[in-house]
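>>> No letters, just coordinates:
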């Protein structure tokens, strides 16, 4: 995820500024910080807003900080999708992710299933969403 942001010219906490060990937990903390706000990151209120912003072309992250500081969290990119309201409510937005299970397009509930309490239907759980606008080149 950090390499995608870097290719887009967007900063998100990454090595060498933080070790790759437990990086997702640190990124989640950083995304809620004043430094992240200064870098252009904005928190989103819910999964529907996350899907809308991804559909509009922004970089949107779904982030989970593990409550056990010795266990990894998880971060995925919310991808554009024509997900219907029922699926969005039950399964969350669609994400692209790398990790134990790589996926080009999977519902958030599936992508975060190994992280207990991360996703609960209706947008409950401890996943938080953050967006950064992207300056897409004109005329391509």
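Noted; the coordinates are in hand. Note that the structure is a prediction, hence the values are computed from the model and not measured.

>>> mind listing the strands in the chain by residue range?
For the chain, the strands defined by DSSP state E occupy 42-44, 59-64, 74-78, 94-97, 103-107, 128-132.

>>> any chance of these in JSON lines, plus mean pLDDT and mean neighbour count?
Just so you know, the C-beta spots here come from the backbone N, C-alpha and C atoms, and that holds for glycine as well. Formatted as JSON lines, the strands of the chain follow (pLDDT from 0 to 100; neighbours: other C-beta atoms under 10 Å):
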{"stretch": "strand 42-44", "mean pLDDT": "98", "mean neighbour count": "17"}
{"stretch": "strand 59-64", "mean pLDDT": "96", "mean neighbour count": "25"}
{"stretch": "strand 74-78", "mean pLDDT": "95", "mean neighbour count": "24"}
{"stretch": "strand 94-97", "mean pLDDT": "93", "mean neighbour count": "23"}
{"stretch": "strand 103-107", "mean pLDDT": "89", "mean neighbour count": "15"}
{"stretch": "strand 128-132", "mean pLDDT": "97", "mean neighbour count": "22"}
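
>>> In CSV, list those along with distance to residue 3.
Supplementary listing: the strands of the chain in CSV, determined by distance: least, C-beta to C-beta, whole Å:
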stretch, distance to residue 3
strand 42-44, 21
strand 59-64, 12
strand 74-78, 11
strand 94-97, 12
strand 103-107, 16
strand 128-132, 15
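
>>> Ok, which of the ones you listed comes nearest residue 29?
Closest approach to residue 29 among the strands of the chain is made by strand 59-64 (9.3 Å; C-beta to C-beta).

>>> what angle do that closest one and strand 128-132 make?
In terms of direction (axes from the mean of the first three to the mean of the last three C-alpha atoms, to 10 degrees), strand 59-64 departs from strand 128-132 by 160 degrees.

>>> And strand 59-64, what does it pack against?
Judged by 3 or more C-beta pairs under 8 Å, 6 or more residues apart in numbering; DSSP states H and E, strand 59-64 is in contact with helix 23-31, helix 47-55, strand 74-78, strand 128-132.

>>> Out of the ones you listed, the one nearest residue 113 is which?
strand 74-78 (10.0 Å).

>>> quick one: contacts of that closest one?
With C-beta atoms under 8 Å, 6 or more residues apart in numbering as the test, strand 74-78 has contacts from 1, 4, 24, 27-28, 50-51, 53-54, 59-64, 93-97, 99, 108, 111-112, 114-115, 118, 129.
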